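A.B. asks: Give me coordinates for this.
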Amino acid sequence: MATFLALATQPDGRLAQIGDTYAITPRDRAGTPLEYAASRGTKGTPPKQRIGVYSAGYVFGRSGWGTSRSFGQMSFYSLRFGAGTQIHGHADHMGLTYYARGRNLIVDAGHDGYAQNAYREYLLSPEAASTLVLPGVPFDPAAATYLTADDVAAHTQFYEFSDTAFGGYARDRSVYVSQAPDFVVVFDRASGAGTYQQLWHLDPALRVTTVRSGYAIASAPGTELEIRQVALPGQVIPAGSTQVVRGQLDPYQGWVSRGQNKRAPAPVVTMTRYGASAAILTVIVPAAPGTAIGASVTSVTSVTSVTSVGGQTASGWYRLRLTIGRTTSTVLVNADGTIKS
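C.D. replies: Numbers count the residues shown, from 1 in each chain. The predicted model follows:
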């Protein structure tokens, strides 16, 4: 348990806020891995692992424990899967939280107490998590979400999730996290609904400064966060696909609760697609203000380009080229959801 809680502790010293929990710091347990995490690296010994994947439905990962740079400047993420909602759980499967550049960036909407009202229903719903939803389709909170693939390396991690929680329709999410440099690639696929919507809940301290059909940029002191849809070959991102909601009351959307009876309006970036099916490739990039971000995808035509990731044919592979300032990263994405460097 001490290791689990250490891995769940963000670089700001608070536990990742998931389910019916408030934004709190863990207790310092001397002689355990939690001592180092709870003290933000001032006491104890760094835990031996940076990544934790738990079959109960939790994934925690970080760039480091503050041994190469300050504890608070490490990046951190969490992901959810597992059995259907139980007791204090929320319908947050496939939900991502992300911390980088010394602050919360992508968050869960949180918890504000147990009053049975419309706001509580919102916080329990998938619409309160940074996940893919199928608007208008009945959601089954008892449905399980499965971790179907994972590949953990020193500076990159890949996870793939699958479920049929929305009306029995297939929903799949692939997540690729890089720590050198920091960025996240998310590849969502779903079918049968007609409308598909990614929700990205931003921390209340972020302010959205730019919205275009394919991307949104949010800022806070010392940081810009860009969330960008990347069109696959043959795709056209619909006009107005990317929107921002903040402090909406009917229905509730764009709120974050960090404590009992506490509610703060916060931006939610929505990215919507339409059709019999959807395949949404999204990159999430935290960077210094003014950093130029570019992303493009091309089809892979050479078999040798994919043999290094176990492929015997170039069919179905795409090459994502991501530029962050002067740094260029290349990631291979397969139509089946596999993502590799």
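A.B. asks: pLDDT weak spots in the stretch 1-150 of the chain?
C.D. replies: Nowhere does the stretch 1-150 of the chain drop to pLDDT under 70.
A.B. asks: Let me see the ranges of the helices in it.
C.D. replies: Using DSSP state H, counting those that start in this stretch, the helices of the stretch 1-150 of the chain run over residues 2-7, 33-38, 118-124.
A.B. asks: Among those, which comes closest to residue 49?
C.D. replies: helix 2-7 (7.2 Å; Cβ to Cβ). Heads up, the C-betas are built off the backbone N, CA and C, glycines and all.
A.B. asks: Make a markdown table from the helices of the stretch 1-150 of the chain and add distance to residue 164 to it.
C.D. replies: Below are the helices of the stretch 1-150 of the chain laid out as a markdown table (distance: least, Cβ to Cβ, whole Å):
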| stretch | distance to residue 164 |
| --- | --- |
| helix 2-7 | 28 |
| helix 33-38 | 36 |
| helix 118-124 | 20 |
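A.B. asks: most neighbours per residue, which of those?
C.D. replies: helix 33-38 (a mean of 24; mean count of other Cβ atoms under 10 Å).
A.B. asks: pull the CA atoms of that helix into CSV?
C.D. replies: Only the C-alpha atoms of helix 33-38 are listed here, as CSV (Å, rounded to 0.1, in the frame of the first residue of the first chain):
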residue,chain,number,x,y,z
PRO,A,33,8.5,4.3,-0.1
LEU,A,34,5.7,6.8,0.9
GLU,A,35,8.2,8.7,3.1
TYR,A,36,10.1,10.0,0.1
ALA,A,37,7.0,10.9,-1.9
ALA,A,38,5.1,12.5,0.9
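A.B. asks: Report all helices and strands that it contacts.
C.D. replies: helix 2-7 (3 or more Cβ pairs under 8 Å, 6 or more residues apart in numbering; DSSP states H and E).
A.B. asks: Run through who's touching the helix it packs on.
C.D. replies: 15, 26, 29, 32-34, 36-38, 47, 49-52, 54, 58, 60, 62 (Cβ atoms under 8 Å, 6 or more residues apart in numbering).
A.B. asks: Let's see which of these end up in strands.
C.D. replies: Within these, residues falling in strands by DSSP state E are 52, 54, 58, 60, 62.
A.B. asks: Quick one: neighbours of the second one, just the number.
C.D. replies: Think residue 54. 14 (other Cβ atoms under 10 Å).
A.B. asks: Tell me the spacing between the closest residue to it other than its chain neighbours and residue 51.
C.D. replies: Using Cβ to Cβ, 6 or more residues apart in numbering and skipping the chain neighbours, the partner closest in space to residue 54 is residue 4 (6.9 Å). Between residue 4 and residue 51 the distance is 12 Å, computed by Cβ to Cβ, to the nearest Å.
A.B. asks: cool, and residue 39?
C.D. replies: Distance of residue 39 to residue 51, given as Cβ to Cβ: 21 Å.
A.B. asks: Look up phi and psi at the closest residue to residue 333 other than its chain neighbours.
C.D. replies: Spatial nearest neighbour of residue 333, chain neighbours left out: residue 318 (4.7 Å); criterion: Cβ to Cβ, 6+ apart. Main-chain torsions, residue 318, degrees, to the nearest 10: phi -120, psi 150.
A.B. asks: from what I can see residue 318 touches residue 297, true?
C.D. replies: Yes. Shown here, residue 318 and residue 297 form a contact pair, counting by Cβ atoms under 8 Å, at 4.9 Å.
A.B. asks: shared neighbours of the two, anything?
C.D. replies: With Cβ under 8 Å, 6+ apart, residue 318 and residue 297 have common neighbours 232, 233, 281, 333.
A.B. asks: Return the member of the residues you listed nearest to residue 243.
C.D. replies: Of the shared contacts of residue 318 and residue 297, the one sitting nearest to residue 243 (Cβ to Cβ) turns out to be residue 281, at 18.5 Å.
A.B. asks: Quick check: which element contains that closest one?
C.D. replies: Assigned by DSSP states H and E, residue 281 belongs to strand 267-287.
A.B. asks: how distant is whatever helix or strand comes next after that strand from the center of its chain?
C.D. replies: Sequence order places strand 293-299 as the next helix or strand after strand 267-287, per DSSP H and E. In terms of Cα atoms, centre = their mean, to the nearest Å, the centre of strand 293-299 is found 20 Å from the chain centre.
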